[in-house]
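Colleague: from the sequence below, what's the structure:
(one chain, ligands or ions: 1)
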Amino acid sequence: MPTISAARPYPYNFPLERTALVMIDMQRDFIEPGGFGAALGNDVSRLTAIIPTVARLLAVWRKAGLPLIHTRENHRPDLSDCPPAKLTRGNSSLRIGDPGPMGRILVQGEPGNDFVPELAALPGELVIDKPGKGAFYATTLQDELKARGITHLLFGGVTTEVCVQTSMREANDRGYECLLVEDATESYFPEFKAAAVEMIRAQGAIVGWTATTDQVTAALAS
Ligand code: C5J
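Modeller: Residues are numbered from 1 along each chain as shown. Predicted structure coming up:
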């Protein structure tokens, strides 16, 4: 079984046949100017900067032939799956469902809702559309993981303290052994990312472990 010896707070073992990588919301709506993230007043450049690292992680994972799951935060075109509290929240004139430069904000099928081109899902890879911040809420993710016998999950994606951390906590509560790939995730706020990474691995991995893309790569090569 591969081990990431340098994982924090202590080494992380993952059985290859029971481990999946979950890449959270690497969508144009969060990462490119003109999307939901930018509409909320965020500078997206921190998120754009991790695209090459995430692409490297995906390439290593695919080469190893391991299951890769991508998520997208979005809503049906009639917004029937969007709670009013989410719809009215925000500090911008552009809200979920409104037309923006990349189509309707956070709506399924719109150009902005797609993955950034460098990180597109390949045929055969599972894509989970999720109406919430967590990847388990109102989705088939847990059934899909059970069907594949998955017990260990590595996480990357955006944003660290919102959809990534929420999904990781949901997974941890469901009994999955979770690890956050810390340079394959990012936040609009560096201090929030730093705090989330610390919270996850604090108290003896209370939510899970953390490691870098290089450390994951080295463990897979060994
Ligand atoms: C947010 C996400 N930040 N994917 N979504 O609204 O983290």
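
Colleague: look at the residue nearest to Q165 when sequence neighbours are not counted and say how many residues are nearby.
Modeller: Residue nearest to Q165 in three dimensions, not counting chain neighbours: A196, with 4.9 Å by Cβ to Cβ, 6 or more residues apart in numbering. For the C-beta atoms, the positions are set from N, CA and C on the backbone; glycine is no exception. A196 has 23 neighbouring residues, counting by other Cβ atoms under 10 Å.

Colleague: look up how far L16 lies from the residue lying closest to R18 once chain neighbours are set aside.
Modeller: Of all residues not flanking R18 in the chain, T151 sits nearest, at 4.5 Å (Cβ to Cβ, 6+ apart). Distance, T151 to L16, using Cβ to Cβ, to the nearest Å: 11 Å.

Colleague: these two: who's more crowded?
Modeller: Neighbour tally, T151 and L16, criterion other Cβ under 10 Å: the higher count belongs to T151, 16 against 12.

Colleague: and the more buried one, what are its phi and psi?
Modeller: phi -120, psi -20 (degrees, to the nearest 10).

Colleague: mind checking how far it is from M26?
Modeller: 24 Å.

Colleague: next: A55.
Modeller: Distance from A55 to M26, by Cβ to Cβ: 10 Å.

Colleague: overlap of the contact sets of the two?
Modeller: Shared contacts of A55 and M26 (Cβ atoms under 8 Å, 6 or more residues apart in numbering): L119.

Colleague: which residues does stretch 5-19 contact?
Modeller: For stretch 5-19, contacts defined as Cβ under 8 Å, 6+ apart pick out 1-4, 64, 66-67, 149-154, 177, 179, 201-202, 204-205, 209-212, 215, 219.
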